[in-house]
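> Okay, structure incoming, though there's no sequence with it:
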């Protein structure tokens, strides 16, 4: 093909993407940001559910599957935060995000950072297959969910 | 605390998770699987949108931001496939997933594997910051979306 790469890209993606129109974000409209972070948290919930089921013995513990879950969890735990853009708090959007996320953003981002750190630690420990260490790391990470929800989720 | 780790985990996660009840999956019911894969694809769409906007010059190219998007894309590209469980095709679920996903699963998974490979390559190339190579790798990956949709998405 003699098409320039840029033309090729325009052609390929024209049907796929909505261009971001909220400045400095990847989102076209506030509801897109809400959907993005809710998608991330929902997918995080799936990782928690399956890892929790394995640790409780509800399903057999499988080190490879657990490590895959922990890797997913670590990657997903980095994603929702960019979507907490102004104008997407409870009352103005279909969300449980309390306005304290913005009025006390420093504390929110501190908790978000701890949550990401614990997720990374869980992924590291999961790779070893050591169930005792895994249980502890999983507990820390799950506690990170609750700790943030307590202050910032309705 | 003197609680056993297992008890601690049960306590911490009791309010957070729905236990998987569809055997060998992380999902409680078919609609959870559909939601999971749609969340992943929607989040992939956000990465495509922002990367496409940078490559087209609609927003300034930022190598660090692009690399973050490509890393997200590589991680997310690995996630939807486990959620294509039987009984979640168009007609039985709120989905665009054609029944060919199951009747021609070998071909579907081949395309899914190529898609993941291109996403990994995009992440590798994005780390170099070389816009020419990035444009090509992005084009390959985006083409992977379309190529699979053509056969398997309504």
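Sure thing, it's come through. Worth saying up front: this structure is predicted, and the values here are computed from it rather than measured. Numbering: from 1, shown residues only, chains lettered A, B, ... in the order given.

> Was I right to think residue A:93 contacts residue A:32?
No: counting by C-beta atoms under 8 Å, residue A:93 does not reach residue A:32; the two are 10.6 Å apart. The C-beta positions use only the backbone N, C-alpha and C, and glycine is treated the same way.

> What is the neighbour count of the nearest residue to residue A:94 once chain neighbours are set aside?
In space, and not counting its chain neighbours, residue A:94 is closest to residue A:34: 6.3 Å by C-beta to C-beta, 6 or more residues apart in numbering or on different chains. Neighbourhood size, residue A:34 [other C-beta atoms under 10 Å in any protein chain shown]: 22.

> Quick check: residue A:34 vs residue A:47, distance?
Taking C-beta to C-beta, to the nearest Å as the measure, residue A:34 falls 21 Å from residue A:47.

> do residue A:115 as well
Taken as C-beta to C-beta, the span from residue A:115 to residue A:47 is 13 Å.

> I'd guessed the residue nearest to residue A:94 sits against residue A:90; true?
No: using C-beta under 8 Å, residue A:34 makes no contact with residue A:90, being 10.4 Å away.

> any common contacting residues for these two?
residue A:97 (C-beta atoms under 8 Å, 6 or more residues apart in numbering or on different chains).

> When residue A:93 and residue A:32 are compared, which one has more neighbours?
residue A:32 (22 against 16).

> Wait, a helix at the more buried one?
Yes: secondary structure of residue A:32 (DSSP: H, G, I helix; E, B strand; the rest coil): part of a helix.

> Find me the pLDDT at it, would you?
Confidence at residue A:32, expressed as pLDDT, is 96.

> For it, give its distance to chain B.
Relative to chain B, residue A:32 is positioned 8 Å away (criterion: C-beta to the nearest C-beta, to the nearest Å).

> picking that back up, now for the residue nearest to residue A:94: which residues touch it?
Contacts of residue A:34 by C-beta under 8 Å, 6+ apart are A:83, A:88, A:93-95, A:97.

> Do I have it right that residue A:135 meets residue A:54?
No: using C-beta under 8 Å, residue A:135 makes no contact with residue A:54, being 10.1 Å away.
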